[in-house]
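Visitor: compute the structure for the input listed below.
(one chain, ligands or ions: 2)
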Amino acid sequence: MKAHHVAESTILELLKGTGFDCPICSALSLSTRSWIESTLSNLMHNFEPRGKLLKGGLCKRHRRLLFELASSEFNIGALPLSLLLDEMLPLQLKALEKRKVIYGDSCYLCKFEGEASQRYIDTFGNLFNLQRWKKLYEDSERIICADHSAKMLSHMKSKNREWFISVQKRKFSELHTLLKRYIKKHDHKSKEPFGIERNSWKLLLKLIGETKT
Ligand SMILES: [Zn+2]
Ligand SMILES: [Zn+2]
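Guide: Ligands and ions are numbered 1, 2, ... in the order given. You can find the predicted model right below:
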């Protein structure tokens, strides 16, 4: 295993999970949360990671995530976040005083996720050269989301591309069937109660991507 790859045991665990969630998105969400937790849980001793957050500020998406984490029962609580903001505000005000203000594309959490995402994409891409891993993905409930699929496809050999696209089509069509069933049950003539298709739109919303069509 190369250093910039993810351990096979981690990938195996991700594929064993139940539900349609994208294994890469799930792994990224977990690692971002634990990075935030360890950085904010002990501000005094986490000088370096805290500095990374202060340097780049926070994008909208990660501000929303921090809001959720600090408002929920999650470990970090509102005080560590308040202490971070206490430091961040004067720095940002100082930056605004400069003649040329630079903003956007500097959020460290975005960079952190981008690098982790690349490691997962490289690892999946490599493993999918092997029949055993192809089969594991085919049999897994998990669906690699449209955005991560696009990133994977851009590095795949043509033989693997065909395989991957056909698996993705099959996996997404199962979810699409559930969505159609959900829509159909809204017909006033339908007497059937809602079942597992109730959540199909939520699941699909997480997996659909920013793919240009
Ligand atoms: Zn994903
Ligand atoms: Zn961000």
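Visitor: right, and the secondary structure at Glu192 would be what?
Guide: Put simply, Glu192 is coil when judged by DSSP: H, G, I helix; E, B strand; the rest coil.
Visitor: ok, it - how many residues close by?
Guide: 10 (other C-beta atoms under 10 Å). Bear in mind the C-beta positions are built from the backbone N, C-alpha and C, glycine included.
Visitor: can I assume it is in contact with Lys185?
Guide: Yes. Under the criterion of C-beta atoms under 8 Å, Glu192 makes contact with Lys185 at 5.8 Å.
Visitor: so is the longest helix anywhere in the chain next to ligand 1?
Guide: Secondary structure of the chain read by DSSP state H shows that its longest helix is helix 158-184. No. On the criterion C-beta under 5 Å from the ion, helix 158-184 is out of touch with ligand 1, staying 11.9 Å away.
Visitor: from the chain's centroid, how far away is that helix?
Guide: 20 Å (C-alpha atoms, centre = their mean, to the nearest Å).
Visitor: buried residues in the helix or strand following it?
Guide: Going down the chain from helix 158-184, the next helix or strand is helix 200-207, by DSSP states H and E. For helix 200-207, the buried set under the neighbour-count rule, 16 or more other C-beta atoms under 10 Å, comprises Ser200, Leu203, Leu204, Leu207.
Visitor: swap in stretch 98-111?
Guide: Cys107, Tyr108, Leu109, Cys110.
Visitor: quick check: the gap between the spatially most central residue of the chain and ligand 2.
Guide: The centroid of the chain falls nearest to Cys25 when counting by C-alpha atoms, centre = their mean (2.8 Å). Separation of Cys25 from ligand 2 (C-beta to the ion, to the nearest Å): 15 Å.
Visitor: you'd agree that residue is up against Arg142?
Guide: No. Counting by C-beta under 8 Å, Cys25 does not reach Arg142; the two are 9.9 Å apart.
Visitor: quick one, phi/psi of the residue of the chain most remote from its centre?
Guide: No residue in the chain sits farther from the centre than Lys189, which is 39.1 Å out by C-alpha atoms, centre = their mean. As for Lys189, its main-chain torsions (degrees, to the nearest 10) stand at phi -80, psi -20.
Visitor: one more: Phe20?
Guide: According to degrees, to the nearest 10, Phe20 has phi -90, psi 0.
Visitor: about what we covered before: just the buried residues of stretch 98-111 now: which is nearest Ser117?
Guide: Cys110 (10.2 Å; C-beta to C-beta).
Visitor: pull up the per-residue confidence for that closest one.
Guide: Cys110 carries a pLDDT value of 96.
Visitor: give me the nearest residue to it, chain neighbours excluded.
Guide: With C-beta to C-beta, 6 or more residues apart in numbering as the criterion, Cys110 has its nearest non-adjacent residue at 5.7 Å, and that residue is Cys59.
Visitor: how many other residues sit next to that neighbour?
Guide: With other C-beta under 10 Å as criterion, Cys59 counts 16.
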